[in-house]
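# got a predicted structure plus its sequence, pasted below:
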Amino acid sequence: MFSAGDNSYVRIRICWSLLIVAGVGVSGPPQPASAKDARLPNFVVIFTDDQGYQDVGAFGSPDIETPNLDRMAAEGARFTDFYVSQAVCSASRSALMTGCYNVRIGILGALGPSSTIGIHDDEMTIAEVLKQKGYATAIYGKWHLGHHPQFLPTRHGFDDYFGLPYSNDMWPYHPNVLHLPMEQRLKKWPNLLLIEGEKIINPMVTPEDQTHLTTWYTEHAVSFIDKNKDQPFFLYVPHSMPHVPLYVSEKFKGKSKRGLYGDVIMEIDWSVGQILAALKKNGLDENTMVIFTSDNGPWLAYGNHGGSALPLREGKGTMWDGGCREPFIARWPGKIPAGHVCSEVAATIDILPTLAHLARAPLPKHAIDGENIWPLLSGQDGAKSPHEYYAMYWGRDLQAVRSGKWKLHFPHDYRSLKDVPGHDGLPGPYIQKKTGLELYDLETDISESTDLAAKNPDVVARLQKYGEEIRAELGDSLTKVQGAGSRSPGQLRK
């Protein structure tokens, strides 16, 4: 396997992208039947915040109604083994936008209002890749890749932006400061901003404002579709919800059996329905791929205000599958087979190269980590994951690798609930636990409960070699290895 930082790897990726542009390859993008059908496809990516694996009807939710997402799954594809790069906000979003493991591009954790870093000018986002083919682009929702002007979406390929620059709890109403006078709160968390384009249109977002966020994002998304119905477009809708604090509009308040959290998910599902309806109204259904997934698993410490990752283990903030394995649904009538279920390993890093493939757009010239998963999405016979293995970092620590059905955890600490979770918006405490060198068969043990390392030394050895390979490329704090292929984040210019 080639290392993603080798020159040979880059040459291969460039050559492959040229073949894609030329229309070469047995798994090329859908070809137009006539000049009338020659328009490039539209893409919509809906990305929620802290939504658990089980928090969709099609993924087994027992108490949250999601008819529009269930319809998407029935009319399209559902991936059961789909991963994010890291189980925390900015890290996860950077991987989606660039097609790179977040450690490659230096974006870790959740960037806050005091952060002076963000996405680097030299990285290419999905929007910039598609701009090469004349796409209209917009983002309505949470960005979280830097809030200073040089990092905003409008400087990284997006024509339009409306939303929050970071998480909705990064404000003076955060639970950990509510006991303080407002003057002291503001020293810890400044007022939350609402931005349109590059202009701050609301310098002090209130709890009342937050009840409208999902509706506002949806209205902008529908308007964008209406305005751009005659040209190819990329629409990115990264919802602020269901990240705590939870807020919902009056139209969904008290509607769910699951309480406020369920209300919030129902409103997100409504938003999906509005976007699907706008596509249908404008005659775009059969020329648009809509993707739905989340940035990481549920924030379990918040109890009834957090989601469910069952039957997966743990949640947000860990690289057990409950933290980094997400519900994934993709719909494109006539191109993605209805009711298709895929259990191959795929990830958010694969979305950029897949959309580039379908739009016949050149890939970035620098190394990326994602692969084209159109064969999986389109249900091609015998299609397999393009990843020999998938690396799972927390911070700069390589904590696990997955290859096929096997997942090997390297020794590391992780957080877990201490006792019972919190309630009604207040978090419960965590404790630190440790895991050793442990191997799990995720095909028969989705909950990562039975360590099979001792019974499968050959598998352990093979996955350890994959670990050595990715450490050499991207580094690893646990083993103090410096990676040859990692890049720096953008730094605030003075």
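Here it is on my side, so go on. Not measured: the values here are computed from a predicted model. Numbering: from 1, shown residues only.

# please count neighbours and contacts with C-alpha atoms only from this point.
Fine.

# distance of Gly323 from Glu65?
22 Å (CA to CA, to the nearest Å).

# more neighbours, the two?
Per other CA atoms under 10 Å, whichever of Gly323 and Glu65 has more neighbours is Gly323, with 30 against 22.

# give me the buried positions along the top helix by length along the chain.
Identified as the longest helix of the chain according to DSSP state H is helix 260-281. Neighbour-count burial for helix 260-281, counted by 16 or more other CA atoms under 10 Å, picks out 260-276, 278-279.

# spit out the contact partners of the residue lying closest to Lys384 once chain neighbours are set aside.
Nearest-residue entry for Lys384: Glu344, 6.3 Å, with adjacent residues in sequence omitted and distances by CA to CA, 6 or more residues apart in numbering. Going by CA atoms under 8 Å, 6 or more residues apart in numbering, Glu344 touches 79-81, 376, 384-385, 404.

# would you write a ChimeraX line that selects the buried entries of those?
Per 16+ other CA under 10 Å, the buried members of the contacts of Glu344 correspond to this ChimeraX selection:
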select :79,80,81,376,384,385,404
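
# quick one: which of the contacts of Glu344 is nearest Tyr466?
Using CA to CA, Gly404 is the member of the contacts of Glu344 that lies nearest Tyr466, at 12.5 Å.

# go ahead and confirm the closest one touches Tyr389.
Yes. Counting by CA atoms under 8 Å, Tyr389 is a contact partner of Gly404 at 7.3 Å.

# secondary structure element for Glu123?
Following DSSP states H and E, one finds Glu123 outside all helices and strands.

# confidence score at the closest residue to it other than its chain neighbours?
Ranked by CA to CA, 6+ apart and with sequence neighbours excluded, the top spatial neighbour of Glu123 is Thr98, at 6.8 Å. Per-residue pLDDT puts Thr98 at 98.

# for the closest residue to Arg331 other than its chain neighbours, list the residues it contacts.
Nearest residue to Arg331, sequence neighbours excluded (CA to CA, 6+ apart): Gly76, at 4.2 Å. By CA under 8 Å, 6+ apart, the contact list for Gly76 reads 329-333, 336-340.

# could you do Thr354 as well?
With contact set as CA under 8 Å, 6+ apart, Thr354 has these partners: 371-374.

# how close does it get to Pro375?
Thr354 sits 10 Å away from Pro375, going by CA to CA.

# circling back to that earlier point, toward the C-terminus, what is the element adjacent to the longest helix of the chain?
Note on helix 260-281: by DSSP H and E, the next helix or strand toward the C-terminus is strand 288-294.

# going on from that next one, what's the next piece of helix or strand?
helix 321-324.

# name every strand pairing with the next helix or strand after that following helix and say which way it goes.
Next along the chain after helix 321-324, taking DSSP H and E as the criterion, comes strand 325-331. Strand 325-331 sits in its sheet next to strand 77-83 (antiparallel), strand 288-294 (antiparallel), going by DSSP bridges.

# count the residues that sit near Gly428.
Using other CA under 10 Å, Gly428 is surrounded by 16 other residues.

# doesn't Ala472 belong to a strand?
No. Remark: Ala472 does not belong to a strand; assigned using DSSP: H, G, I helix; E, B strand; the rest coil, it is helix.

# just to check, it is in contact with Thr479?
No. With contact defined as CA under 8 Å, Ala472 does not count as touching Thr479 (10.7 Å).

# which one of these two has more residues nearby?
Ala472 (18 against 11).

# and that one, what's its pLDDT?
Predicted confidence (pLDDT) for Ala472: 98.

# let me know the secondary structure of the residue lying closest to it once chain neighbours are set aside.
Leaving aside its sequence neighbours, Ala472 sits nearest to Gly483 (CA to CA, 6+ apart; 5.0 Å). Judged by three-state DSSP, the three-state class of Gly483 is coil.

# any idea how far Gly483 lies from Asn456?
Noted for Gly483: a distance of 29 Å to Asn456, by CA to CA.

# quickly find the element holding the closest residue to Ala278 other than its chain neighbours.
If the residues on either side of it in the chain are set aside, Ala278 comes closest to Val222, at 6.0 Å by CA to CA, 6+ apart. Using DSSP H and E, Val222 falls within helix 213-227.

# which elements pack onto that helix?
Contact here means 3 or more CA pairs under 8 Å, 6 or more residues apart in numbering; DSSP states H and E; on that basis helix 213-227 packs against strand 136-140, strand 160-163, strand 233-238, helix 260-281.

# alright, calling it a day.
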